[in-house]
Structures are given as structure tokens and as C-alpha cells.
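Peer 1: need a 3D model of the following:
(2 chains)
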Amino acid sequence: MSIAERSPFKYSVAGRLISDPLAVAAVTIIAILVLGAVFADFIAPYDYKALNVRARFAPPSFEHLLGTDNLGRDTFSRLLFGARIALFVGMTSVGLAALIGLTLGMIAGFGPRWLDNTILFLFDTLRAYPTIILALALGALLSPGLGTVISVVVLTSLSEYGRVARTQTQAISGREFIDAERAMGASTMRILVMHILPNVLGPFFILAAINLPVVITIEAGMSFLGVGVAPGTPSWGATLKDGFDYIRNTPWLIVSGGIPLILVTLGFTFLGESLRDVLDPKLRKER
Amino acid sequence: MGRYILQRVALGLAILVVAISALYAFMISLPGDPTTVLLGPRATDEMRAIFSERMGLNKPLPVQIVEFWGRVLTGDLGEDVLRNRPVATPVFEALPFTLVLILTSIGWSATLGILLGAFSAAYRNSLIDRVTGVLSVAMLAAPSFVVALWSLLIFAVILNWFPAIGAGERGNLADQIHHLVLPSFAIGLAWVGYIARIVRASMLEVMGENHIRTARAFGLPPHRIIYRYALRIAVLPAVSVLGVGVGGLLSSAVFAEIVFARPGIGRLIYDSVITRNYPVVMGSMLVAISFFVLCTLVADVVNAMLDPRLRTSKQS
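Peer 2: Numbering: from 1, shown residues only, chains lettered A, B, ... in the order given. Have a look, this model is predicted:
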């Protein structure tokens, strides 16, 4: 009888995550952000784009919890809707980058040598662009918007997923059970999808969890520089930019715009580390 | 070893050529005539023709790219047609500022990070170790532009301890250092936590190795074992991370240079992007990417020198 059968929940992935205080803290932070983003319409006390000339530069008060900006827009409401933008950009770009990276990486790891070298060279080339500098160059050429942000992030981060997928694929394709499959006449496609893919996915979840806050930070950074979301979109980076432009009038924008970014990073970093401990005991760090 | 270095240099050059050429092609082939963007909608056809002649835009794309590289090889980064000066002038004026900023940031953060990491490995599970652990995660979690903005707010606007803008008076070293404090603090902070974590982990690993056990068996004092023997080896992973991390440092430098209105390569790219000055964007991107590729190359070669296993395996 296996351990899992004796005590199903306690030893399951979820059960082990719950017994880790770090993971509980991480999930709490993420849950608050996700709930805030989903129910922003109900929680937000004001319309995020409503201008209020009389309440310009209002400091935090009971009326405006986190104050208002130079146009009199309510900061708290904008940050709530900003969570939506951040999570949308984060999940879409991580998903796309992971998908493209996974496909290319598995082809590189399983395919012939020349194909492997070509794809590796592509990964190396993409890695040669410093993210924010590429973002600036592309942001200048493409019109600002979520599409630009997502393409920059996908371009600069897909090689990381690709490398992990390639290494995993190479490691697994040398194992006996793959030889056995091949001997039984399984097609390459079947081997890749049914046998290699499930073994590659574990590290991918960890990588995605660790990468998500990085992506959200890049979005905020691009929006801060004015090459991210379209003007008026309530991105956290745009809030920071407004705060920077009026630093002597509205210091609360800089303070409150930075906090969700730090929270999101803490939440997903902790989650990534706990996931790694649970999914891959070999990598468990010394505590 | 020589062969490995040669291979690695060739690969680095190939990456550089492909990366820059792709960017060039992308810039040129976008919808919209660059000369219109440069000159504005009211430019006459004649003016446009002159500019596209000067920028070489009237030739086919592959020819343009080859000519671009031909010019670069002779040290000519192109012409800043908007301001009538060679692109190299602003680029090489800005570069030293960015290099000084990045080097000081690496310097202080690596020193502190290595010390913290070694300290928390030496006193494992002590209060100091735990506090360092929490602090280093907290430092990692703060994006550099948030740190830059917050330190600008606290130390320049509210407390007025440090200047908010510029790089200091030319020739006045004390003033320049004064201007360097906040930007390099903002860039380096995340690295302190990162390096401390790496050094702590590799330190714990090294402490379990045979030569350390032997040193201990010989009765050497613990601080000598830790700082003389273990730390030397434990620092290596941090060195290689720093080499690859230069790309991240360059990105952070963009923010620091904008937030603190410092001259530098990041600010130059930003300004020329805003004014759509494509020749300057290309020239400064070329220098920034070359710098990054060079740093990755040096990190790889240094790693291979220190760890011979990396030489024989294919690029990983």
C-alpha cells in the first residue's frame, strides 16, 4: 500500500502546501489580488476613469483611501483595476511564452543535431536583448497597448522555457522506457506528447510561478516608461508614472503604486519555492 | 581551453550580428516611412528624398544591413541626422556614466551580499540567518524602479539628503559620488538579496566537502576555514550569475537614469526613442547589446576556466 492511499489528503500536493506556512502566506496574497481583480467592479468605490477636478491631489482620507492623482482619479480604484491588467498580461504572456518555449524546446531536445543547434542559437540571440532596452525600442515602433507589452515579454522570456524543456526532453529521451516505446513502434508524436510532455510539465509550473511577477514587473516598468499600456489604462506602472511626474504633490501615488508590485512578487516567489519543495524533493532547499 | 574560447567568441559575434541585424530589419520594414516620422507630416518630398539618401534608406534592406555593419567595423555608428552629428558622439558621451553606475552597483551589492551569505551560512539557523533570509527575499521582491522611486521620495524629496537629479558637477568627484548614491542603491539592492542567497546555498554545500572536513580535522579555527577556504569556492556561482545578470543591470540602469535624470546609455535610448531618432536608437542599442554579449561571454569563459567540466559539454 502506498503512502498516498493511507492518507490521501495529507500527502497530496495541496495537503503538503497547506502545511507550509510560506505557501499559505503566498496563496493568501495571491487570492487577495485575484479576488480584487475579479470583483474590482463591486469593490472599487469610484469609477477608475472618473475625473474629479475638485478632488485633485487629494491626500489619503476616508473618502479616498489612497488619495487621488493629478486628474482627481481615485488611486485605490485604479490599483484594483490595475490588478486586472497585471494578471491578464502576466498570465497571457507567461502562457504564450511557455507554450512556444515548450514546443521549440521539445523539438530541439528530440530532433536532429542541426535543428537543436539552430534553435539553441535562436534562444541565445533572443537572450542577447536586455528586456527593458528591447521594450523601449519596440515600444517606440509599435503603438502602445497590451499587445506590445505581451510580445516584448514573450520574445525575451521564451528562451528560458525553451532551455528547460530542451534539457528535460534530452534527459528523458535517453531513458529505457522511451527505447521500449520506440521498440513497440510508437510514433515520435506519441512519445513526445504521451511520455515526454508530462515529465517536462512539473518544472514548467515552478518556472511559470516564479516568472509571473517578473512579467508583471516588466509590464509596470514599460507602462512607467510610457511604452506599455495605452494612456489612461489603470496600470500600476502608469500610477507610478503619475506619482513620479507629481512627486511633490502626490507622494502617495508612488507609495501605493509600488506596494501591489512588491506583494505580487512576494506571493508568487513564495508559491514557486513551496511548489518546488513539494513537486521536486531533490531540489528542496536546506531549511 | 583556447579552442573553447575561440568557439565561444565566434558564437558571441554571430549572436551579436544576428540580433542587431534583426532589429535593424524590423525597424526599417515597419509600416510608415522613417523619414516621415523624423521630419513630421509637413515635410516635402524633396526633404524626404534627401533624408532617405543620407540614411541610406533608398537601397534594398540586405544592402542596408551590410553597409551598416561595414560602417560599424570602421568605427562609424551612423549619422544623427536630426542633430547633424555622428551617432558615436552622444553614445560614447553617455556610456561612461552607465558603466560607472553599473560597476558601483555591482561593487557594493556583491560585497554586502557575499558577506551576508557567508555569515548566514556560518551561523546557520541562528537569528541572524533567519533575518538575513527574510530580508534577502524582501530585497529581491522590490523591483528596481520602485526602489528608485521610493528612495527618491524619501532621501531626496522628503529628507533632502541626496540630490534628486543629474550626475554631479564635472570634475567634482565628491559631488559626483553624492549623485551616485541613490541610483546605485536602487540598482544594487535586489542583488544584495540574490547574491546572499546564492552564496549561502553554495557555502553550505562547500562546507560539507572533504577538504573542509580535513581542514576542520586539522583543528584550524572556524573563521579561517570559512573565510579563507570555503568562501573562495562558494563565491564562484555568484560571479557567474553577475555576468549573466548584466542584462538585468542594464535594464535597471534605464530606470535609475530616468528617475534620477542622470545621463547614460539608458537615458539616451529613452530620449531618442521618444524623439523617434532611429539612427541614435540603433547606435546605442548596438553598444548596449554588445556590452551585454561581451559580459555573458566573459562570464562563460571565466566559468569554464574555473570548472573544466563545462568546457567539454555542449552549450547548456
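
Peer 1: distance check, residue B:195 against chain A.
Peer 2: 16 Å (CB to the nearest CB, to the nearest Å). C-beta coordinates here come from the backbone N, C-alpha and C atoms, glycine included.

Peer 1: what's near enough to touch the closest residue to that residue other than its chain neighbours?
Peer 2: Spatial nearest neighbour of residue B:195, excluding adjacent residues (CB to CB, 6 or more residues apart in numbering or on different chains): residue B:113 at 2.9 Å. Residues near residue B:113 by CB atoms under 8 Å, 6 or more residues apart in numbering or on different chains: B:191-196, B:199, B:238.

Peer 1: among those, find the lowest-pLDDT one for me.
Peer 2: The lowest pLDDT within these belongs to residue B:238, with 79.

Peer 1: quick one: neighbours of that one, just the number.
Peer 2: The local packing of residue B:238 (other CB atoms under 10 Å in any protein chain shown) involves 21 other residues.

Peer 1: who's in contact with the helix or strand containing it?
Peer 2: Element membership for residue B:238 (DSSP states H and E) is helix B:236-244. Residues from elsewhere that reach helix B:236-244 (CB under 8 Å, 6+ apart): B:106, B:110, B:113-114, B:117, B:191, B:194-195, B:198-199, B:202, B:295-296, B:298-300, B:302-303, B:306-307.

Peer 1: next one: it to chain centre, how far?
Peer 2: With CA atoms, centre = their mean, to the nearest Å as the basis, helix B:236-244 stands 13 Å off its chain's centre.

Peer 1: look up the closest residue to residue B:298, ignoring the ones flanking it.
Peer 2: residue B:243 (6.1 Å).

Peer 1: ok, residue B:202 next?
Peer 2: residue B:234 (4.4 Å).

Peer 1: how close does the one you found get to residue B:299?
Peer 2: Note on residue B:234: its distance to residue B:299, by CB to CB, to the nearest Å, is 17 Å.

Peer 1: so for the two, which residue has more residues nearby?
Peer 2: Neighbours were counted for residue B:234 and for residue B:299 using other CB under 10 Å; residue B:234 has more, 24 against 18.

Peer 1: ok, the more buried one - contacts?
Peer 2: Residue B:234 makes contacts with B:117-118, B:121, B:199, B:202-203, B:205-206, as judged by CB under 8 Å, 6+ apart.

Peer 1: looking at the contacts of helix B:236-244, which are in helices?
Peer 2: When these are checked against helices (DSSP state H), the matches are B:106, B:110, B:113-114, B:117, B:191, B:194-195, B:198-199, B:202, B:295-296, B:298-300, B:302-303, B:306.

Peer 1: export the contacts of residue B:113 to a markdown table and append columns for distance to residue B:172.
Peer 2: Converted to a markdown table, the contacts of residue B:113 look like this (distance: CB to CB, whole Å):
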| residue | distance to residue B:172 |
| --- | --- |
| B:191 | 28 |
| B:192 | 28 |
| B:193 | 33 |
| B:194 | 33 |
| B:195 | 32 |
| B:196 | 34 |
| B:199 | 36 |
| B:238 | 34 |
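
Peer 1: if we can go back for a sec, average model confidence for the helix or strand just after the helix holding residue B:238?
Peer 2: Once the chain leaves helix B:236-244, the next helix or strand it forms, by DSSP H and E, is helix B:246-259. For helix B:246-259, the mean per-residue pLDDT is 85.

Peer 1: mind listing residues that contact helix B:246-259?
Peer 2: With CB under 8 Å, 6+ apart, helix B:246-259 has contacts from A:127, A:129-133, A:136, A:221, A:224-225, A:244, B:97-98, B:101-102, B:105-106, B:144-145, B:148-149, B:152, B:183-184, B:186-187, B:190, B:262-267, B:269-270, B:288, B:291-292, B:295-296.

Peer 1: now for the strand or helix carrying residue B:174, which elements pack on it?
Peer 2: Counting by DSSP H and E, the element that carries residue B:174 is helix B:173-207. In this structure, helix B:173-207 packs against helix B:88-122, helix B:127-141, helix B:144-151, helix B:231-234, helix B:236-244, helix B:246-259, with contacts taken as 3 or more CB pairs under 8 Å, 6 or more residues apart in numbering or on different chains; DSSP states H and E.

Peer 1: closest one to residue A:147 among these?
Peer 2: helix B:246-259 (20.9 Å; CB to CB).

Peer 1: for that closest one, which positions count as buried?
Peer 2: B:246-259 (16 or more other CB atoms under 10 Å in any protein chain shown).
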